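> Build me a model:
(one chain, ligands or ions: 1)
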Amino acid sequence: MTPGRGRAPAAAANRTDSYPETLDHEDVVVRRGRRSGLYTFVAVHSTIRGPSLGGCRMWGYSDARDALRDALRLSRAMTFKSAVADLPLGGGKGVIMTAPGVALHGELRTAALLDFGDTVESLGGRYISAEDVGTSSRDMRLIAQRTRHVAGLPVRMGGSGDPSPFTALGVESAIRACCERAFGSSSLRGRSVAVVGLGHVGSRVAKRCGRAGARLVLGDIDPGKRRLAEELGADWLEPAAALEAEVDVVAPCALGGVLDHVTVPRLRCRIVAGAANNQLADESVADLLSAREILWAPDFVANAGGIINIAEEQRGYDAAAARRRVRRIGEILLEIFDRAAAAGATPLAAAMDLARTRLEG
Ligand code: NAD
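From the prediction side, this is the model:
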């Protein structure tokens with residue numbers, strides 16, 4: 001489900017208000033689209049390792065500051081994500097701000113995407129856009145009418161298409177690595193996994209884990225997703241209950257800020273590994289997870305499958321090569337867990353350290 005089309009954006013679910021953000025970016029562009037009248041944002045956090053690449057989020061915000069904050073935080077996370085995955089890319093992110101509860105369709109949607117294309121073009125290639133929550137590879141075609149700095153175009157147009165299957169593959173690889181570390185085996189047979197958020201990525205994570213023999217608990221704010229639970233023979237819970245379910249693995253696959261000083265003490269899982277960006281309300285939550293002996297796969301490592309796939313476009317796209325690279329996420333994660341154990345640090349600190357080393361190098 002993309003919030004901009006299938007149903008109205010759920011602003012209450014987007015807990016960006018609690019996010020602290022750091023302003024250490026190279027460029028921040030805020031433009032009001034001349035066609036749509038809507039605000040578009042692009043934040044370029046870093047181009048040290050290459051052009052900044054990150055998705056275009058189309059989402060409902062009650063306040064432009066929330067939208068900007070999202071762009072700032074998400075672009076910073078992209079810098080770390082690409083560095084840890086060792087990609088020749090920097091970190092950036094785009095946002096098309098809609099009003100809470102207003103879904104964009106037809107001409108207004110087209111106008112907003114063309115306006116966003118102009119914003120991307122104004123950066124002259126320092127930012128390359130792709131899909132994110134609320135946008136799809138079809139939307140990238142429209143953005144491409146205004147700028148050539150777009151990735152993730154449909155496969156028939158020479159792009160790498162929808163990144164979600166690759167993100168889901170990477171999340172499965174991360175879950176398996178966590179199981180190996182926590183339980184001594186990467187097998188998912190007989191493990192229990194709660195997937196919270198069943199959109200493009202979460203639904204595929206659920207199917208992959210189900211096929212691998214895991215017992216599933218599923219939750220989403222969209223009651224229509226209950227059908228997937230029935231199809232997979234999974235238990236269905238409201239999202240807050242699914243997060244707190246007594247399972248081996250919780251996979252947050254909705255929006256950010258889901259792990260905080262209220263939710264973490266209530267967790268009853270051994271592992272948290274999922275696709276959602278910026279899962280921690282703030283970095284101190286990583287200490288809280290470690291104190292509770294919950295193994296957390298840093299989100300920007302676990303969900304790098306999509307960007308790894310998109311980066312493959314730079315070499316001449318080859319889906320099989322992309323899949324091989326995405327499957328390495330588990331190995332990268334095990335290296336991060338080793339570094340964390342050796343340094344007596346959290347996986348977050350170890351992953352950030354690895355990224356910083358690569359950025360300095
Ligand atoms: P999506 O819009 O397709 O799906 C999001 C799903 O989460 C929807 O089903 C929605 O109803 C549900 N949801 C929203 N708020 C919720 C809440 N509070 N509790 C439970 N469910 C809720 O998005 P997606 O493409 O599947 O991406 C999911 C997450 O993964 C996002 O944080 C995104 O930034 C991140 N991510 C996605 C990709 C990708 O390839 N699509 C890559 C990296 C990271």
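
> only C-alpha atoms for contact and neighbour calcs from this point on.
Fine.

> Around the ligand, which positions in the chain sit nearby?
1-3, 13, 132-134, 163-164, 167, 196-202, 220-222, 239, 253-256, 275-277, 303, 306 (C-alpha under 6 Å from any ligand atom).

> where's residue 165 relative to residue 307, distance?
As judged by C-alpha to C-alpha, to the nearest Å, residue 165 and residue 307 stand 11 Å apart.

> SS state for residue 216?
Assigned by DSSP: H, G, I helix; E, B strand; the rest coil, the conformation of residue 216 is strand.

> Okay, it and the ligand: tell me how far apart.
Applying C-alpha to the nearest ligand atom, to the nearest Å, the value for residue 216 to the ligand is 15 Å.

> any idea where the strands of the stretch 151-300 of the chain begin and end?
Using DSSP state E, counting those that start in this stretch, the strands of the stretch 151-300 of the chain run over 192-196, 215-219, 235-236, 249-252, 271-272, 295-296.

> ok now stretch 264-279, how far from the chain's centre?
For stretch 264-279, the distance from its own C-alpha centre to the chain's C-alpha centre is 14 Å (C-alpha atoms, centre = their mean, to the nearest Å).

> buried set for it?
Across stretch 264-279, burial judged by 16 or more other C-alpha atoms under 10 Å covers 264, 267-279.

> do the same with stretch 279-298
Buried-residue list, stretch 279-298, by 16+ other C-alpha under 10 Å: 279-282, 285-289, 294-298.

> Stretch 193-208 too?
Neighbour-count burial for stretch 193-208 [16+ other C-alpha under 10 Å]: 193-208.

> what sits against the most centrally placed residue in the chain?
Computing the C-alpha centroid of the chain and ranking residues by C-alpha atoms, centre = their mean puts residue 277 first, at 3.9 Å. Counting by C-alpha atoms under 8 Å, 6 or more residues apart in numbering, residue 277 touches 74, 77, 255, 256, 299, 300, 303.

> which of residue 165 and residue 307 has more neighbours?
Neighbours were counted for residue 165 and for residue 307 using other C-alpha atoms under 10 Å; residue 307 has more, 27 against 20.

> if I look at the more buried one, how far off is residue 36?
With distances taken as C-alpha to C-alpha, residue 307 is found 29 Å from residue 36.

> Export the buried residues of stretch 264-279 as CSV, with columns for pLDDT.
Below are those laid out as CSV (pLDDT from 0 to 100):
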residue, pLDDT
264, 98
267, 98
268, 98
269, 98
270, 98
271, 98
272, 98
273, 98
274, 98
275, 97
276, 95
277, 87
278, 88
279, 96
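
> any idea which of these is the one closest to the ligand?
Nearest to the ligand out of the buried residues of stretch 264-279 is residue 276 (C-alpha to the nearest ligand atom; 3.4 Å).

> Does that closest one touch residue 303 like I think?
Yes - with contacts counted by C-alpha atoms under 8 Å, residue 276 reaches residue 303, the gap being 7.4 Å.

> Between these two, which contacts overlap?
With C-alpha under 8 Å, 6+ apart, residue 276 and residue 303 have no common neighbours.

> Give me the distance between the residue lying closest to residue 113 once chain neighbours are set aside and residue 115.
Of all residues not flanking residue 113 in the chain, residue 143 sits nearest, at 5.5 Å (C-alpha to C-alpha, 6 or more residues apart in numbering). Counting by C-alpha to C-alpha, the gap from residue 143 to residue 115 is 8 Å.
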